[in-house]
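In: I'd like to go over a predicted model; first the sequence, then the structure.
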Amino acid sequence: MENLEENSKIEFNKWAKTYDNFFNHLFFSHSNKKVANLITFSKNSSILDVGSGTGILIEQLVSKKNLKINGLDLSPEMVKISKEKFRKNKNVTITLGSAVKMPFKNSSFDYVTCSHSFHHHSNSLQSLKEMYRVLKPRGKIIILDATKDGIIRKLFCKIIDIIEGKVLHYSKDEMKNLFKKVGFNKTKQHNFGLLHLITIGEKN
């Protein structure tokens, strides 16, 4: 599994300079807008975006007032671009680090988001445990990723395997079981578009 994380780091370092191209930005902006709309903002809310990349989801969030946003990514090149993008915004902090060992204290965030990156995590269960750990009581985790339910989705996941190397995709039931293992008793799921699944967990 360590090789998966190292391979992901190498690939994303390569992609960093072109990641914000028109088609990528259009695709990810559309789905990330959905994630942003699932968040109920209140004064001084705090959000951690895991696998934040060049900050495409963060761009959907920065217009919200009194919102503290943290981005975490394992790719130095992605982090470099994201830091430059938000260097004038005091409410945004970008951190280099792994999802399986996050450099944050327990119960730090009201929301944890993870959009289009969960399949790259080297140890999905450990990543989810870390997300749960840094989440405040009554806080929510929102994960959007491709799912392998159905023939079309399985084919899409296999294509991603070819393009991105070996990654980890899950079915709807498998994601729900992962959430249950780390302690989520309240879990909601719904499909997004033709290929993706959104799973939301609320911490007791």
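Out: Yep, that arrived. Being a predicted model, the structure only gives us computed values, none of them experimental.

In: Centre of this protein to the edge, which residue is at the far end?
Out: Ile151 (24.7 Å; C-alpha atoms, centre = their mean).

In: Could you report the distance from that one to Val100?
Out: 32 Å (C-beta to C-beta, to the nearest Å). C-betas here are computed from N, CA, C, even on glycine.

In: What pairs with whichever strand in the chain runs longest, parallel or antiparallel?
Out: When the chain is scanned for its longest strand (criterion: DSSP state E), the result is strand 135-146. With DSSP bridges as the test, strand 135-146 is paired with strand 109-115 (parallel), strand 196-202 (antiparallel).

In: Format those strands as CSV; extra columns: mean pLDDT, mean neighbour count and distance to Ser82.
Out: Output for the strands paired with strand 135-146, formatted as CSV (pLDDT from 0 to 100; neighbours: other C-beta atoms under 10 Å; distance: least, C-beta to C-beta, whole Å):
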stretch, mean pLDDT, mean neighbour count, distance to Ser82
strand 109-115, 97, 25, 14
strand 196-202, 96, 21, 23
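
In: among those strands, which is nearest Cys157?
Out: Closest of these to Cys157 is strand 196-202, at 10.9 Å (criterion: C-beta to C-beta).

In: And for that closest one, what's in contact with it?
Out: 31, 34-35, 38, 132, 138-147, 149, 172, 175-176, 179, 184, 186-192 (C-beta atoms under 8 Å, 6 or more residues apart in numbering).

In: Buried subset of the residues you listed as a PyMOL selection?
Out: Per 16 or more other C-beta atoms under 10 Å, the buried members of these correspond to this PyMOL selection:
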select buried, resi 31+34+35+38+132+139+140+141+142+143+144+145+146+147+149+172+175+176+179+184+187+189+192
